[in-house]
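Q: Got a predicted model here, sequence first, then my questions.
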Amino acid sequence: YKEYIEQGDTAILYLSVNSMHAIQVEPKIKNKKGEFVENVFQTTYGALKVQSLIGKKYGTKIALSRGWAYVLHPTPELWTLTLPHRTQIIYTPDISMIIFQLEIKPGSIVVESGTVSGSLSHALIRCIKPSGHLYTFDFHEYRVSVAREEFESHGVGQFVTVKQRDVCQDGFGSDLNGKADAIFLDLPHPWEAVPHAVVSLKNTGG
């Protein structure tokens, strides 16, 4: 993880165990009129000028106009609690069981469908780094685009390939034939993708 906050980072603003926010560290943002204005994030403890975070250490206690907060590095667990929900998501207790059952480790090649909000994806990436890779698929073009941007913003883009694809109809692609150590299906009809999964798995996969 990085030690210091840089412009463009995603940081977690921690107010309390029940109040956390993921914020983009950008000095200016566009308003409704399309004009660039100073990026000021409003909280229950007052306002934060986001530009003031640049150069500070992750974990620093920062002053707000009516209180204080901590600024934290986005771990998979914190991202799960603060991510913008595009669908229902998988939470940390279930993610832990999934990773345990899949028996993935650094260097594993993992296939996931669908990507949706990327809650599980971030935890998978942490497990397979630095030499593994995640291939994640979603049929929804917008979710694919946003997830790809988030992975890049969080500094893990080199460990994941995001593709728009109906894996039940079209499979995972011939480039993954016999390469996957593990496949996770979060789909309305996962059994339709099982024949394609068999083709993509190594003999030792699951």
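A: In hand now; what should we look at?
Q: Of all the residues in the longest helix anywhere in the chain, which ones are buried?
A: Longest helix in the chain by number of residues (criterion: DSSP state H): helix 141-153. For helix 141-153, burial by neighbour count (16 or more other Cβ atoms under 10 Å) applies to R143, V144, V146, A147, R148, E150, F151, S153. For the C-beta atoms, the positions are set from N, CA and C on the backbone; glycine is no exception.
Q: Of those residues, just say which sits nearest to V17.
A: Nearest to V17 among those is E150, at 23.5 Å by Cβ to Cβ.
Q: Surely the closest one is in contact with S119?
A: No. Between E150 and S119 there is no contact under Cβ atoms under 8 Å: 10.9 Å.
Q: what touches both of these two?
A: Common contact partners of E150 and S119 (Cβ atoms under 8 Å, 6 or more residues apart in numbering): L83.
Q: Strands of the protein, residue ranges please.
A: For the chain, applying DSSP state E gives strands covering 10-16, 19-24, 28-30, 36-38, 40-43, 46-49, 61-64, 67-72, 109-113, 133-138, 160-164, 182-185.
Q: Contacts made by the third one with the rest, please.
A: It refers to strand 28-30. Residues outside strand 28-30 that contact it (Cβ under 8 Å, 6+ apart) are F36, V37, E38, N39.
Q: residues contacting M97?
A: By Cβ under 8 Å, 6+ apart, M97 lies in contact with nothing.
Q: least trustworthy helix or strand in this structure by mean pLDDT?
A: Ranked by mean pLDDT, DSSP states H and E, the weakest helix or strand in the chain is strand 28-30, scoring a mean of 90.
Q: Give me the phi and psi for L187.
A: With angles defined as degrees, to the nearest 10, L187 sits at phi -130, psi 160.
Q: give me the number of residues near it?
A: If you count neighbours by other Cβ atoms under 10 Å, L187 ends up with 17.
Q: my guess is it meets C168, correct?
A: Yes. Using Cβ under 8 Å, L187 is in contact with C168, at 6.7 Å.
Q: Scan the contacts of strand 28-30 and report the most crowded one.
A: The most neighbours of any of these, using other Cβ under 10 Å, belong to N39, which has 18 neighbours.
Q: In contact with the residue lying closest to that residue once chain neighbours are set aside, which residues?
A: Using Cβ to Cβ, 6 or more residues apart in numbering and skipping the chain neighbours, the partner closest in space to N39 is V50 (4.2 Å). By Cβ under 8 Å, 6+ apart, the residues touching V50 are I23, Q24, V25, E26, P27, N39, V40, F41.
Q: What strands line up against the least confident helix or strand of the chain, and which way round?
A: Applying DSSP bridges to the sheet, strand 28-30 is found paired with strand 36-38 (antiparallel).
Q: Quick one: mean pLDDT for the partner strand?
A: In this model, strand 36-38 carries a mean pLDDT of 94.
Q: Could you do stretch 149-167 as well?
A: What stretch 149-167 shows for mean pLDDT is 94.
Q: Show residues contacting it.
A: 2, 8-10, 24, 74, 79, 83, 113, 115, 118, 121-122, 125, 128-130, 132-141, 144, 147-148, 172-173, 185, 187, 193, 196.
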